[in-house]
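**Student:** Have a look at this prediction, sequence included:
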Amino acid sequence: MEYKAVAFTGPSNSGKTTLIEKIAKKLVPDRAVAIIKHDPSDKARFDREGKDSDRFFKTGAETAVLSPTRTTLFSHRPRTIEEVARLFGEFDLLMVEGLKHFPLPRIGIFRGTIDPDYLDVLQAVAVDQTVPDEELSALPDRIEVLDLNDIDAIIRWIDRHATLLKKD
């Protein structure tokens, strides 16, 4: 099976999650979409204290919760993007939030200012009107500038630039 993959990177509160959500909402009626979010500070929590799955997970066991509408996996081991992609089954597009150095075509999301620490890993930036024109004109020629509020244009960029990957 083949799928396309693209990544989004940017400072905290720049709008990465909101942008990915808007893209997914627009694509899901016509395409199977998978999303992986990197949590480098290990602060995300998906279960409540004292619930069965929390108690099972605290034993050190790999734990899955199966219900009629979802499957949730709680794992003590870090997983690669490829391993997680296999768990998703079949899909058309994988969007990754974060994992700055994972080799995927990458859109940087910025508001107010562009952080130059991200430029080495970017192929495009999605910005709003709060980013000064002089910062945009100073970007390397290889970095395409996208309007953060033009979801259709960002989807066209993804369709042209996302990497085609194969799943085992």
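**Tutor:** On my side now, so go ahead.

**Student:** helix, strand or coil for residue 145?
**Tutor:** Per DSSP: H, G, I helix; E, B strand; the rest coil, the secondary structure class of residue 145 is strand.

**Student:** Give me the below-cutoff pLDDT ranges for the protein.
**Tutor:** Within the chain, the stretches with pLDDT under 70 are 39-47, 168.

**Student:** where exactly do the helices run in it?
**Tutor:** With helices called from DSSP state H, the chain shows them at 16-27, 52-58, 81-88, 133-137, 151-161.

**Student:** Show me what the third one is packed up against.
**Tutor:** For helix 81-88, the contact count by 3 or more CB pairs under 8 Å, 6 or more residues apart in numbering; DSSP states H and E identifies strand 33-37, strand 93-97 as packing neighbours. Bear in mind the C-beta positions are built from the backbone N, C-alpha and C, glycine included.

**Student:** and for the first one, what are the contacting residues?
**Tutor:** Under the criterion CB atoms under 8 Å, 6 or more residues apart in numbering, residues 3, 17, 20, 24, 27, 44, 81, 84-85, 88, 91-99 lie in contact with strand 33-37.

**Student:** hang on, the earlier thing: will you turn the helices and strands packed on helix 81-88 into JSON lines that also has mean neighbour count and distance to residue 54?
**Tutor:** Shown next, in JSON lines, are the helices and strands packed on helix 81-88 (neighbours: other CB atoms under 10 Å; distance: least, CB to CB, whole Å):
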{"stretch": "strand 33-37", "mean neighbour count": "17", "distance to residue 54": "20"}
{"stretch": "strand 93-97", "mean neighbour count": "22", "distance to residue 54": "25"}
